[in-house]
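Visitor: Everything below, folded, please.
(2 chains)
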Amino acid sequence: MQNILLLTVLSLVANCSVIADSNVSCSYDFTDQTYKTGFIDLKANAISAGKRLCLEKASYNNPDIKKIIVSEFAESISNEMKDVLPPSVSTELTTFLDKIKQSGKATSFEAGEDDNEDPILYYSSHDIKITLPANKAAECKVINEKYNVDKYPDGLAECVYLIDNLRAALNPFTAPFNIKISEVNLELLKDYDNAWDKYLTEARSQTLLDMVITSWKNGDYYNETQLKKPHSLQYFLFHPSVVYEKLPDKQPGDKNDVSLALELVGMNCWDCEIPIGASVGWVYSDRANAKSTAGALMIHLYNNYTIGYSYRDDEDGGNGYFISVDLLKAFYDKKQQLSDLKAQIKSN
Amino acid sequence: MPAQQVVLLIHGMGTHAKGNIKKEFIQGLKDGAALYGIDNYDISADSKKIVIEEFNYSELLDEIREKLSEASQTGNFEQLQGVELGGKLMIVDKLLEFEGNVNNEEFVYTHLLDVVLYSMTHFGSMVRVKLAKKIEELRNPVGDDGQPVHVNLHIVCHSLGTAVVHDTLAQLYRPDAVFDDDIPDLSPGEQNIKSLWTVSNVSKLIQGFFIFVHGDNPGLDPDNSVVVSQADPVGCVDTFNIVRHGFDPFLWITNYDRDQLSGKSYYNNIIHKLKRKDANGNDIELVDPHDFQEYLTEPEVARKMIRTFDKSSEGQSIPKAKIAEAKEKFSENSLNSEHQNLKNKFDAIKLQNPASIEDFVETAKKFRKALKEFNDVVDA
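Guide: As a prediction, the model looks like this:
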């Protein structure tokens, strides 16, 4: 009675639930071949209890609620299980059901084998199990002849066959609950996956060094025990790019030229509303009448375009500005070859 | 009818074409079954009702390698031709040269770069998200008729794949998982992987690289994470099998050997000359103790895998008593007398305490050289 009251109160509290409000069904008939069993009553009990576990909103977020429901199910199948297992394992059965109640887990019943290759029915881990070794074959056969008449074509060992029928009968208890979790998880994972695909196509291009530095700077973020979407910030270290630099105060021939920009350090927010970043570094160029090296400040926009200011300690007007090649292309005829473009700009 | 068995394969380092690991898996078990007198065993045959899937992260890393290579080669750097920029820009030259080569076939670029990309960049997180999505797609299917299918999901992973799997499961399965937030997660002991087979388990080695960049987290340490077969606290794997080879150099540096509640540690040190195909499809012979297919051929491994995945009477029928005879057959044509020479050579290049990535790279190169020299001696 206490449990029912507790369940009711906690259900009322847990009425806002993404998972419980999802459209995924909790009602199945379990007609697939993998659920075929001769233990019809046991299966009906499991289906009914499984629907309740799946529909109970609190069972997804409240371990205590889940434990109550699991415990009640284990209690409800106790007598039926005694009928469908060899009497010689009745003590083991009691331990099995007690451990299920204590586990509080809503997991599947599985058919397996222990390290001695004896067939087992287990729940959650191999610590919660019933073992039916070969010397129980005769007892298993009696039960199979009563309940599981429709044998597989393969003719498996009697106790293996009995355990598999138990698995099929009991698993409807947690299957709907786990299917619902799977569906919601899958939606979240698709969202995470899409975020990474977006990163691959949209984020600012990086060198291997940039990638390692980005991971290092975001180390705490990626180091958690949970899956992660890409971090918003990228970092750059000794990142080279080609730019077109203009020194307005210089003569034609020295005014415009292709140059190498080297970002000493930089940062970029690739998925900000306006993707934006900044770097400091140098610009190097080969001009007859200007110093080759200039300090540089750069702004990066929309992950592709860079504008910057270059400073030369040069009495003849060595300061200028520069833009990245991709931005340059945006201002000129896109059909022009880049080499022609370079020649055109240098002559200006 | 037993639960449907689904086997998810995850490859190791280097470029792997789609479908390759599945072929190696099928052939490895075929060769293993033959040691028991079962000819032409095919685990993928319809009658077995086993679904074999693969997760290919090689293509993801190839995509990143291609971007690196393209950016350096076609990032308009040709515009700098003829431009004198001085010796201080050597670092840029070296960087561009390295990145321009990342798509070539050399071992450093195809294999070791994978390790760097996975463990030392954020793209490891991307790989883990995609693997988690694949796992979730396979775990709880509902058939076309709208009825659930009871599935047992098993994972078989090799080499770098063992780290990918470990790290993914360590981030997907969370003891404090709740199912009403925006974090995709599962509860250990509740929605478990039925069996995990780690073939040449390098998860601890890769963890070292990860820690170097990201810092330490005990929850992601293979010796401490939820990725274990255990009852208290419960792990996320029902049965955990560790498969290793005595001459596999990747296991010399660090070796995963955590205690498991259910599962076994399989060890063998038999070396054969292997018949394989090179990148151009030509037949070659080589010695490679790290080879995935060869790992599966070992009789105890093959038998247990077949028992685990194939629930038909054929799959369940190989008696334990035949293992010794199968091992005898497996030892035939092994390079016995050359073992000691090979072992001495490898002992000389064993790296006990790698101090840096450069040490690891150098050791890997020496190992490949030693293998090639050994092959030349054997062929002579």
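Visitor: all helices of the chain, in order?
Guide: Going with chain A. A:2-13, A:40-55, A:63-76, A:78-84, A:90-103, A:137-147, A:158-170, A:175-202, A:208-217, A:219-222, A:325-331, A:338-347 (DSSP state H).
Visitor: Hmm, no, I was thinking of chain B.
Guide: Using DSSP H, helices in chain B cover B:20-34, B:58-74, B:90-100, B:107, B:113-120, B:123-139, B:160-172, B:203-214, B:250-253, B:292-297, B:299-309, B:323-331, B:336-349, B:357-379.
Visitor: any weak-confidence spans in the stretch 251-380 of chain B?
Guide: Within the stretch 251-380 of chain B, the segments meeting pLDDT under 70 span B:336-357, B:359-361, B:363-364, B:367-368, B:370-380.
Visitor: Get me the contact residues on it for chain A.
Guide: B:Leu261, B:Ser262, B:Gly263, B:Lys264, B:Arg307, B:Lys311, B:Ser312, B:Ser313, B:Gln316, B:Lys320 (C-beta under 8 Å from any C-beta of the partner chain). For glycine as for every other residue, the C-beta is placed from the backbone atoms N, C-alpha and C.
Visitor: Ramachandran coordinates for the fourth one?
Guide: Comment: the main-chain dihedrals of B:Lys264 come out as phi -140, psi 160, following degrees, to the nearest 10.
Visitor: Return a PyMOL selection command for the buried portion of the residues of the stretch 251-380 of chain B next to chain A.
Guide: In PyMOL syntax, the buried subset of those is picked out as below (16 or more other C-beta atoms under 10 Å in any protein chain shown):
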select buried, chain B and resi 261+262+263+311+312+316
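Visitor: per-residue pLDDT, A:Lys129?
Guide: A:Lys129 is assigned a predicted lDDT (pLDDT) of 96.
Visitor: so what's it bridging to?
Guide: Beta-bridge pairing for A:Lys129 (DSSP bridges): A:Tyr122.
Visitor: From what I see, it and A:Pro119 are in contact.
Guide: No - look at A:Lys129 against A:Pro119 with C-beta atoms under 8 Å: they stay out of range, at 10.0 Å.
Visitor: So for those two, which residue has more residues nearby?
Guide: A:Pro119 (24 against 20; other C-beta atoms under 10 Å in any protein chain shown).
Visitor: And the more buried one, how far from A:Asp220?
Guide: 47 Å (C-beta to C-beta, to the nearest Å).
Visitor: Report how many residues lie close to the spatially closest residue to A:Ile69 that is not a sequence neighbour.
Guide: Nearest residue to A:Ile69, sequence neighbours excluded (C-beta to C-beta, 6 or more residues apart in numbering or on different chains): A:Leu53, at 5.1 Å. If you count neighbours by other C-beta under 10 Å, A:Leu53 ends up with 24.
Visitor: mind listing what A:Leu53 touches?
Guide: A:Ser59, A:Lys66, A:Ile69, A:Val70, A:Phe73, A:Ala106, A:Phe173, A:Thr174, A:Pro176, A:Phe177 (C-beta atoms under 8 Å, 6 or more residues apart in numbering or on different chains).
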